[in-house]
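Colleague: Return atomic coordinates for the entry below.
(one chain, ligands or ions: 2)
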Amino acid sequence: MNSLHESWKYSILSPAVTGKPQQFVQLDAAEPAGILRKPLFGLNLLALAGRMVEAGEPAWRGKQLAEALYRQRVGALDTITTLPKPLRQRLVAEGWDVGRPRIAQVFESVDGTERYLVESAGGDGQKVETVWMPEGDGGETGDGSEADGANGEREAGKRWERATICVSSQVGCAVNCQFCLTAKLGLQRNLTAGEIAGQVVAVLERHLVEVGRDRVNLVFMGMGEPFLNYDNFMGAVRLLVEEVGLSPRRMTVSTSGIVPGIERFAREPAEVRPKLAISLNAPNDRIRSEIMPINKKWPIEAVVDAVRKVQLRPRERITFEYVLLGGVTDRVEHAVEVARLARRTGLPVKVNLIAWNPGPGIEYTMPKPEAVEAFRSTLEGEGVPVYVRRPRGRDIFAACGQLKRTVEG
Ligand code: SAH
Ligand code: SF4
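Modeller: Ligands and ions are numbered 1, 2, ... in the order given. The predicted model follows:
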């Protein structure tokens, strides 16, 4: 093997996975086995400053470290040239490392979507999934984010104007929604704040995103239930806002309706609070309890009551996500009921329709395109803002609810 930072691993994915005849996939360089290093990535400014003071350095060295980790997105301590060399060497000798999660595998879709298996530095080898969608999937349309500053001009050489990164918050999920592939894994473990923010930073680096110039949205809609890993999720959001420089108005967190989580979220200050999406998925409690057993604990009205506590920004809307299951939730009378429900909340809501994406071992059927359209136009006719999310990366199992660490596709 060559030296650590020159060696790249390649793997050949099956054509069935990539939809292309044959494809080489580049992986981040692997860490040498057996060395467990302490990750700096994931520590906030205060903690980094504390580390520096412990090392006998002035606290402002913490600021330099934060700049390097989160703005310059360095991958190794020895490349942080703002720190004196002896200090870098000492940190390495003391067992510190950047320790940002790394992209271990890439699946490329014919539509430009990329799905990554991301592995923690020095972790347990378990991987989570992160998805890059150039031009997004229409999910943010109409929720108040269009009017926000950042210019979306296309740069020479950039193949996208506006991209969305879908981020995981847990390995697996405990919530057990009947239509979701991630549920099949059960909850393996929570991700740390560094592991959540690290997915984003690794992807920003891969696509050479210029924060503040390029238009990037984050959706916490990958594997896991963010509000059942609340502290780590919000820790990651703070890092992404305060250190990486992303706007919380370009972030959306989706929850299956964890009421205590929504209530905590409502108390977050506006400067760090992402937008909120609720996975409604059904027109009433009876159907919702069938497909989302969590509804028996926190039924629709309890969820809506909690959502009402969120102080919305001007133009901000609450998103109701609604997965259309063929024959189960996709009828016109369901749409009428959803419209009634949306009005009853008194909240500025918009509905995102998602045609159910199939997965192995799940017994639902996809809605017919006519049913999707009839559902959409019924809601529209009832005066409810509604958008249909484009399925992205279906061929690589990157679409909603398809995230299950599938290397087999
Ligand atoms: N756990 C959170 C966030 C991750 S799931 C939540 O449930 O909100 C993100 C979205 O994908 C949810 O709205 C969920 O309802 C949807 N989803 C899950 N499985 C799906 C599938 N097979 N097809 C389409 N959407 C799905
Ligand atoms: Fe978990 Fe969300 Fe899937 Fe439900 S839809 S099992 S909450 S990831």
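Colleague: which residues does the most centrally placed residue in the chain contact?
Modeller: Residue closest to the mean C-alpha point of the chain, counted by Cα atoms, centre = their mean, is Val167 at 1.8 Å. Going by Cβ atoms under 8 Å, 6 or more residues apart in numbering, Val167 touches Thr130, Ile196, Gln199, Val200, Leu218, Val219, Phe220, Met221, Gly222. C-beta: built from backbone N, CA, C; applies to glycine.
Colleague: Phi first, then psi, for the last one.
Modeller: Listed backbone geometry of Gly222 is phi -80, psi -140, with angles given as degrees, to the nearest 10.
Colleague: Can you give me the distance of the spatially closest residue to it that is not a sequence neighbour to Ala197?
Modeller: Counting by Cβ to Cβ, 6 or more residues apart in numbering, Ser168 is the residue found nearest to Gly222 once chain neighbours are left out, at 3.4 Å. Counting by Cβ to Cβ, to the nearest Å, the gap from Ser168 to Ala197 is 12 Å.
Colleague: Lys85 too?
Modeller: Lys85 sits 28 Å away from Ala197, going by Cβ to Cβ.
Colleague: Sitting in helices, which of the contacts of Val167 do you find?
Modeller: Among the contacts of Val167, DSSP state H puts Ile196, Gln199, Val200 in helices.
Colleague: Residue numbers of the stretch 201-350 of the chain in contact with ligand 2?
Modeller: For the stretch 201-350 of the chain, the contact set with ligand 2 under Cβ under 6 Å from any ligand atom comprises Gly224, Glu225, Ser256, Ser279.
Colleague: From those, list just the buried residues.
Modeller: Gly224, Glu225, Ser256, Ser279 (16 or more other Cβ atoms under 10 Å).
Colleague: Please convert those residues to TSV, extending it with secondary structure and pLDDT.
Modeller: Formatted as TSV, those follow (DSSP: H, G, I helix; E, B strand; the rest coil; pLDDT from 0 to 100):
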residue	secondary structure	pLDDT
Gly224	coil	96
Glu225	coil	98
Ser256	coil	98
Ser279	strand	98
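Colleague: would TSV of these with distance to Ala68 be doable?
Modeller: What follows is those, written out as TSV (distance: Cβ to Cβ, whole Å):
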residue	distance to Ala68
Gly224	29
Glu225	32
Ser256	37
Ser279	37
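Colleague: so Leu312, which of the three states?
Modeller: coil (DSSP: H, G, I helix; E, B strand; the rest coil).
Colleague: ok, now how distant is it from Val272?
Modeller: Leu312 is 15 Å from Val272, by Cβ to Cβ.
Colleague: Those two: which is more packed in?
Modeller: Just comparing Leu312 and Val272: by other Cβ atoms under 10 Å the higher neighbour count belongs to Leu312, 17 against 14.
Colleague: What strand or helix carries Ser377?
Modeller: Ser377 is part of helix 369-381, with elements assigned from DSSP states H and E.
Colleague: so Gln178 touches Ile291, yeah?
Modeller: Yes: Gln178 lies in contact with Ile291 (Cβ atoms under 8 Å); the separation is 4.9 Å.
Colleague: quick one: the helices in the stretch 301-409 of the chain?
Modeller: Counting by DSSP state H, counting those that start in this stretch, the stretch 301-409 of the chain has these helices, from start to end: 332-345, 369-381.
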